[in-house]
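Give me a 3D structure for the following:
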Amino acid sequence: MANNPVANLLRAPELKEKVLFTLFILLIYRTGAHITVPGLDVNALRQAFGALQNTFFGIYDMFVGGGLSRATVLALGIMPYISASIMFQLLAAVFPTIEKLQKEGEDGRKKLTQWTRYTTVALSMAQAYGYAVFLQSIPGAVTVPGFAFTFTTVVTLTVGAIFVMWLGEQITEQGIGNGMSLLIFFSIIETFPRALAGTWESFTLGEIGAFALVMLLVVVLGVTAGVVAMTMAARKIPVQIPRKVVGRGRIREGQKSFIPLRVNSAGVMPIIFAQSFIVVPGTAAAFMDLGPLSALADAFQPQTMTYYVTYGLLILFFTYFYTAIIFNPIDLAENLKKQGAFIPGVKPGARTSEYIDRVLTRVTLPGSIYLAIIALVPFWIFDIFNIQTFFFGGTSLLIVVGVGLDTVQQAQQLLLLRHYDGFMKKGRVKMRGRQRYM
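Sure, this is the predicted structure:
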């Protein structure tokens, strides 16, 4: 029992408070995600969303736990804040002012956070207005369409998005794990029981055979193990820190360390970007008459070779693109040079930057291929076994496993820090006891 990390986490009073606070915030979030916007017929809305699963609305709905298809007060979820955060990450590569703020430490981070919040409000208002117009375009969905409904919906959804952003920040500051990621995590896993029940119902009705069900479970377990392995995998570049003279003639011995280059540095973002692009033809076809271009939209429907090839290539492209945005070998090489550290056999400065960039490029290739396979495997399974609905999806699985691992690692760090603090306190008590008898 002593080696059980969950028991140890709950045994520590301050860590137990963090866990309970996180669960309380998540309970508030999921409760608000079931309160419908006033003036809607939910049944008509669900029927309309049934035909939009392979569009941008279907992807967005997955990240907000079905809140979009139910038109809840928290329908926008945390996505406006994440979109604003990604926007500033991308703009940092273009505008030196934003890049400078990222390097200014705590003051720069606070200013960027404030800008991100303002941008979140603007994006929320724009998305809420578009969603209100979309709801009024569905026959029978809105009881009394017009300006009053549009204004009420925009205000409600915008306030809901700001409230969700605040909830996420509270988890990050006072709870365990990254609040924004945990909100998406619980939005996704909330749909699992309902989807599992639907899969079991398909099995009992004979739509899925016993062999197909067993193979599906084997593939799910295999892909989950692969996601865990690739998420943890890293290429370690050795770093040597030379001996230094510090203070009054004291010598700090040289140390050996390493730079971990993650095989999947970009996380799930390449799949999200690729999905956002690949669903554009289908989304356009669902809302307008494309005329001669309708054949192009049909070619990009799921279960077509054009869709698979384009989707896979987009994932490869965005993996390299996003990795280049979030990882700067030049800055890393400069920081190593300032600290007097170096990579054995590589000259400091430009040569170190080139070496890191070359290793990162090679490491990213298997990571991008792995992301493409994870994203495409569900589609192949559906085709082979002729399955229309199933809870298993590459994007959702990556998010659930990645966020779960990150939260567990943070919990372990908190436990380690607590044990270290307790050890230091005991050491101080012993030293005082010795001084008392000297």
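
Which residue is the nearest non-sequential neighbour of residue 165?
In this structure, residue 165 finds its nearest non-sequential neighbour in residue 81, 4.6 Å apart by Cβ to Cβ, 6 or more residues apart in numbering. Backbone N, C-alpha and C define where each C-beta goes, glycine included.

Report the secondary structure element holding the one you found.
helix 79-91 (DSSP states H and E).

Could you check how far the residue nearest to residue 165 is from residue 183?
Per Cβ to Cβ, to the nearest Å, residue 81 is found 10 Å from residue 183.

which of the two has more neighbours?
Using other Cβ atoms under 10 Å, the more surrounded residue of residue 81 and residue 183 is residue 183, with 30 against 26.

hmm, who's touching the helix or strand harbouring that one?
Using DSSP H and E, residue 183 sits within helix 179-189. Residues outside helix 179-189 that contact it (Cβ atoms under 8 Å, 6 or more residues apart in numbering) are 22, 25-26, 29-30, 33, 62-67, 77-78, 81-82, 164, 167-173, 396, 399-400, 402-404, 406-407.

How about stretch 315-335?
89-90, 92-93, 259, 265-266, 269-271, 273-274, 348-350, 352-354, 356-357, 360-361, 364, 367-369, 371-372, 375.

Now, of these, which are buried?
For the contacts of stretch 315-335, a burial check counting by 16 or more other Cβ atoms under 10 Å picks out 89, 92, 259, 265-266, 269-271, 273-274, 348, 352-353, 356-357, 360, 364, 367-368, 371-372, 375.

what stretches of the stretch 151-300 of the chain score poorly on pLDDT?
Applying pLDDT under 70 to the stretch 151-300 of the chain picks out residues 243-254, 279-300.

Alpha carbons of stretch 68-76, as CSV, please.
Extracted C-alpha coordinates of stretch 68-76, given in CSV (Å, rounded to 0.1, in the frame of the first residue of the first chain):
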residue,chain,number,x,y,z
LEU,A,68,-22.1,21.7,-29.7
SER,A,69,-24.6,19.2,-30.8
ARG,A,70,-26.7,19.8,-27.7
ALA,A,71,-26.2,23.6,-27.9
THR,A,72,-25.3,24.0,-24.2
VAL,A,73,-24.2,27.2,-22.5
LEU,A,74,-20.6,25.9,-22.5
ALA,A,75,-20.8,24.7,-26.2
LEU,A,76,-17.7,26.6,-27.2
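
What count of nearby residues applies to residue 321?
If you count neighbours by other Cβ under 10 Å, residue 321 ends up with 15.

What of residue 203?
Using other Cβ under 10 Å, residue 203 has 15 other residues around it.

Excluding covalently adjacent residues, which one is nearest to it?
Per Cβ to Cβ, 6+ apart, closest to residue 203 is residue 213, 5.5 Å.

on that earlier part again, compute the inter-axis angle for the helix holding residue 183 and helix 79-91.
130 degrees (axes from the mean of the first three to the mean of the last three Cα atoms, to 10 degrees).

Now the following helix or strand past helix 179-189 - C-alpha only, CSV.
Remark: after helix 179-189, the chain's next helix or strand is helix 191-204, criterion DSSP H and E. C-alpha atoms of helix 191-204 as CSV (Å, rounded to 0.1, in the frame of the first residue of the first chain):
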residue,chain,number,x,y,z
THR,A,191,-18.6,10.1,-24.5
PHE,A,192,-16.9,6.7,-24.0
PRO,A,193,-19.6,4.9,-21.9
ARG,A,194,-22.4,6.0,-24.4
ALA,A,195,-20.3,4.9,-27.4
LEU,A,196,-19.4,1.6,-25.7
ALA,A,197,-23.1,1.0,-25.1
GLY,A,198,-23.8,1.7,-28.8
THR,A,199,-21.0,-0.7,-29.8
TRP,A,200,-22.5,-3.4,-27.6
GLU,A,201,-25.9,-2.8,-29.0
SER,A,202,-24.5,-3.2,-32.5
PHE,A,203,-23.0,-6.5,-31.4
THR,A,204,-26.2,-7.8,-30.0
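
May I see the buried residues of helix 191-204?
Using 16+ other Cβ under 10 Å as the test for burial, helix 191-204 gives 191, 199, 202.

The second one contacts residue 208, correct?
Yes - under the criterion of Cβ atoms under 8 Å, residue 199 is in contact with residue 208, at a separation of 7.0 Å.

Thanks again, I'm all set now.
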